[in-house]
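Trainee: have a look; sequence and predicted model below, questions after that.
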Amino acid sequence: MQRPHIMSRFFLLVLILFPGVTFADIKIDHAWIKNLPPTVPVRAGYMSISNTGSEAVSILSVSSDAFLNIEVHETINQDGLMRMEHIPALTIGPNSQLDLAPGGIHLMMMNPHNPTIPGDKIRITFEFSDGSKQSLFFTVRK
């Protein structure tokens, strides 16, 4: 029987004792996707994001095996016309919270590979400016 390498054990111990060194201090709650008919090629995702760290963290990319592409968008009212604008990097300030909600900032989830059904759990992965990644499940709602 082979014993694990001492450096591997040390690295694992560091990850357990000091998770802030490796991962963003980001917590995502209330993650959900608005269900739409299968003929509609987009869905919108919403959530609350908290940054408990002392430095700003940006979401650089969002992905899922369930969609062809996911981008962060903001709904803008310009001269009485509503339009959506792509946000290439969404920054969450230190010790702050940002809510992605209908009519504001949201995830634009394009071209689902399969129809969505209320109650489905869809895995979404975020990549942050500190190099960390976080995956969680969004619940599809009516």
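Mentor: Sure, I can see it.

Trainee: please make it C-alpha for all contacts and neighbour counts, starting now.
Mentor: Noted.

Trainee: tell me the contacts of N35?
Mentor: Residues in contact with N35, defined by C-alpha atoms under 8 Å, 6 or more residues apart in numbering, are 43, 116-118, 140-142.

Trainee: buried subset of those residues, written for PyMOL?
Mentor: Buried subset of these, written as a PyMOL selection, criterion 16 or more other C-alpha atoms under 10 Å:
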select buried, resi 43+116+117+140
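
Trainee: phi, psi for the one residue sitting closest to the centre of the chain please.
Mentor: Closest residue to the average C-alpha location of the chain: F126 at 4.4 Å, with C-alpha atoms, centre = their mean. Comment: the main-chain dihedrals of F126 come out as phi -110, psi 140, following degrees, to the nearest 10.

Trainee: then P102?
Mentor: The phi/psi pair for P102 (degrees, to the nearest 10) reads phi -50, psi 140.

Trainee: give me the nearest residue to it, chain neighbours excluded.
Mentor: Y46 (7.4 Å; C-alpha to C-alpha, 6 or more residues apart in numbering).

Trainee: might one say that that neighbour is in contact with G104?
Mentor: No - when contacts are counted by C-alpha atoms under 8 Å, Y46 is not listed as touching G104 (9.7 Å).

Trainee: no more questions from me, cheers.
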